[in-house]
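Asker: here is my input, please return the structure:
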Amino acid sequence: MRKKLRVGVVFGGRSVEHEVSLVSATSILNALDREKYDIVPIGITKDGRWLSSAETIRLLKSGEIPDNEPECVLVPDPTKQRLMRVNSESLEVSVDSSGVNRSPLDVIIPVLHGTYGEDGTIQGLFELANIPYVGAGVLGSAAGMDKVIAKQLFERAGLPVTKYVWFHWDRYRVDSKSILEMIEKKLRYPCFVKPANLGSSVGITKVHNARELVAGIEQAADFDRRILVEWGVKNARDIECSVLGNDDPRASILGEVVPSNEFYDYDAKYVDGKSETIIPAKLPRQLVLRIQKYAMAAFRAIDCAGMARVDFLVQKKTSKTYINEINTIPGFTSISIYPKLWEASGMPYPKLLDTLIELALERHREKNRLKTTYRPKADWYRG
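Answerer: Sure, this is the predicted structure:
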């Protein structure tokens, strides 16, 4: 019989999107085929402790982690490729009752939205440990998470983005007057103020005047040292496209989100349950093809891999289209649009997870084909 793949599912994390991650992870853990996979839940608490047991998801959802709950770590040693149990200040490498050290992990599914999970940091750990993982690599993750860098890369690729201004919080504190004047000269109200690095619309404010602009900048500065201000596209439709693949990605059918609030903020996404999703989006065929083309080009522009959701703003009257942002670890909850778009495109949720795992293994094989040693003509370094 074919050996089951040992799949680690990492969730939680030190992020304002911790709770969203728990809901996404619950859906994934429930959908993975137990006949194919030996599933290892790996939870990271809000303060950064790593846990792995059958109770991990429940403990993180309760927010009550016993002080004596066994902890583990993933070591960056490619000869280990496994979790190790933490015992006081040492690493215990023998097999324990939980089976944490039993065998190497074959692949990891990171379900860590936002900081320290979607920004390339944990992907760097997976690379050091030489474990295949679902989704974008270090570069794609970091570039996709950083809204300023992503916009600059999209512009270089010839993709349409809205007008924007960005600046450092430290500079604003020293000379807020000139920055505010620059924003009002280049943009017009309403506009959106965002932390450069974050997700789930946390820290984002839609502002309509100078007073709200100042308040929005101060709020965004609570979450990042760099601030992005974007022109607000009037009468815009929120259109989303799911992308799947590695170097040759494909795009799903499109969906439209009709938010319950003035914009698609955190409450409208997750809390009030009143936002509407229309699948497929009611758009002319030529516009659908153009947006799908943009989505795949955006995926390539940041060197993404595995999966991404690309969000667009489409003006209702003119159909003028702008890329809003790209999400390299999109939501995987029961209401998340990424899996819903693929399901409507003919790929059900369990099959989508199988495909993402296959893509991770494919990319890992290609990476391991590359040389990491070089034999110089002389042993000059020994002297």
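Asker: check which helix or strand the closest residue to Leu105 other than its chain neighbours maps to.
Answerer: Excluding the flanking residues, the one nearest Leu105 by Cβ to Cβ, 6 or more residues apart in numbering is Gly8, at 4.6 Å. The way it works is simple: take the backbone N, C-alpha and C, and place the C-beta from them, glycine included. Assigned by DSSP states H and E, Gly8 belongs to strand 5-12.
Asker: now do whichever helix or strand comes after that strand against strand 5-12, angle only.
Answerer: Going down the chain from strand 5-12, the next helix or strand is helix 18-31, by DSSP H and E. Helix 18-31 and strand 5-12 are oriented at 160 degrees to each other (axes from the mean of the first three to the mean of the last three Cα atoms, to 10 degrees).
Asker: ok, and what's touching the helix or strand that comes right after helix 18-31?
Answerer: Note on helix 18-31: by DSSP H and E, the next helix or strand toward the C-terminus is strand 37-44. With contacts defined as Cβ atoms under 8 Å, 6 or more residues apart in numbering, strand 37-44 is touched by 4-14, 25, 29, 32, 50-54, 56-57, 59-60, 72, 74, 83, 105, 108, 112.
Asker: which of these are buried, as a ChimeraX select command?
Answerer: Command for ChimeraX that selects the buried part of those, burial taken from 16 or more other Cβ atoms under 10 Å:
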select :5,6,7,8,9,10,11,12,13,14,25,29,32,50,51,52,53,56,57,59,60,72,74,83,105,108,112
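Asker: averaged pLDDT, stretch 75-86. What do you get?
Answerer: For stretch 75-86, mean pLDDT rounds to 88.
Asker: pull the CA atoms of it into CSV?
Answerer: What follows is stretch 75-86, C-alpha atoms only, in CSV (Å, rounded to 0.1, in the frame of the first residue of the first chain):
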residue,chain,number,x,y,z
VAL,A,75,14.3,22.9,13.9
PRO,A,76,16.0,24.4,10.8
ASP,A,77,18.1,21.3,10.4
PRO,A,78,17.4,19.6,7.0
THR,A,79,18.5,16.2,8.3
LYS,A,80,15.7,16.2,10.8
GLN,A,81,12.6,17.5,9.0
ARG,A,82,10.4,17.0,12.0
LEU,A,83,9.0,18.6,15.1
MET,A,84,10.9,18.1,18.4
ARG,A,85,9.4,18.2,21.8
VAL,A,86,10.7,21.0,24.1
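Asker: just the buried residues of that stretch, please?
Answerer: For stretch 75-86, by 16+ other Cβ under 10 Å, it's 75, 80-86.
Asker: one more: stretch 319-339?
Answerer: So for stretch 319-339, counting by 16+ other Cβ under 10 Å, buried means 321-333, 336-339.
Asker: start to end distance for that stretch?
Answerer: 26 Å (Cα to Cα, to the nearest Å).
Asker: do the same with stretch 194-205
Answerer: 7 Å.
Asker: which residues sit against that stretch?
Answerer: Outside stretch 194-205, the residues that touch it by Cβ under 8 Å, 6+ apart are 16-17, 20, 113-115, 118-119, 145-148, 166, 192-193, 212, 215-216, 219-224, 226-230, 263-266, 268-270, 327.
Asker: show me what stretch 10-19 is in contact with.
Answerer: Outside stretch 10-19, the residues touching it (Cβ under 8 Å, 6+ apart) are 21-22, 24-25, 41-48, 57, 60, 108-117, 122, 198-200, 202-203, 223.
Asker: now the helices for the stretch 251-383 of the chain?
Answerer: Along the stretch 251-383 of the chain, counting by DSSP state H, counting those that start in this stretch, helices occupy 266, 285-301, 337-344, 349-368.
Asker: Throw those into CSV and include distance to Lys317 and mean pLDDT, thanks.
Answerer: Shown next, in CSV, are those (distance: least, Cβ to Cβ, whole Å; pLDDT from 0 to 100):
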stretch, distance to Lys317, mean pLDDT
helix 266, 29, 52
helix 285-301, 13, 98
helix 337-344, 24, 96
helix 349-368, 35, 96
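Asker: to Gly158, which of those lies closest?
Answerer: Taking Cβ to Cβ, helix 285-301 is the member of those nearest to Gly158, at 8.0 Å.
Asker: which strands or helices does that closest one pack on?
Answerer: helix 147-156, strand 236-245, strand 250-258, strand 306-315, strand 321-327 (3 or more Cβ pairs under 8 Å, 6 or more residues apart in numbering; DSSP states H and E).
Asker: dump the ones you listed to JSON lines, plus mean pLDDT and distance to Leu359.
Answerer: JSON lines is the format used below for the helices and strands packed on helix 285-301 (pLDDT from 0 to 100; distance: least, Cβ to Cβ, whole Å):
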{"stretch": "helix 147-156", "mean pLDDT": "96", "distance to Leu359": "21"}
{"stretch": "strand 236-245", "mean pLDDT": "96", "distance to Leu359": "7"}
{"stretch": "strand 250-258", "mean pLDDT": "96", "distance to Leu359": "11"}
{"stretch": "strand 306-315", "mean pLDDT": "97", "distance to Leu359": "5"}
{"stretch": "strand 321-327", "mean pLDDT": "96", "distance to Leu359": "17"}
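Asker: CSV for these, including distance to Asn68?
Answerer: Shown next, in CSV, are those (distance: least, Cβ to Cβ, whole Å):
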stretch, distance to Asn68
helix 147-156, 41
strand 236-245, 42
strand 250-258, 44
strand 306-315, 37
strand 321-327, 37
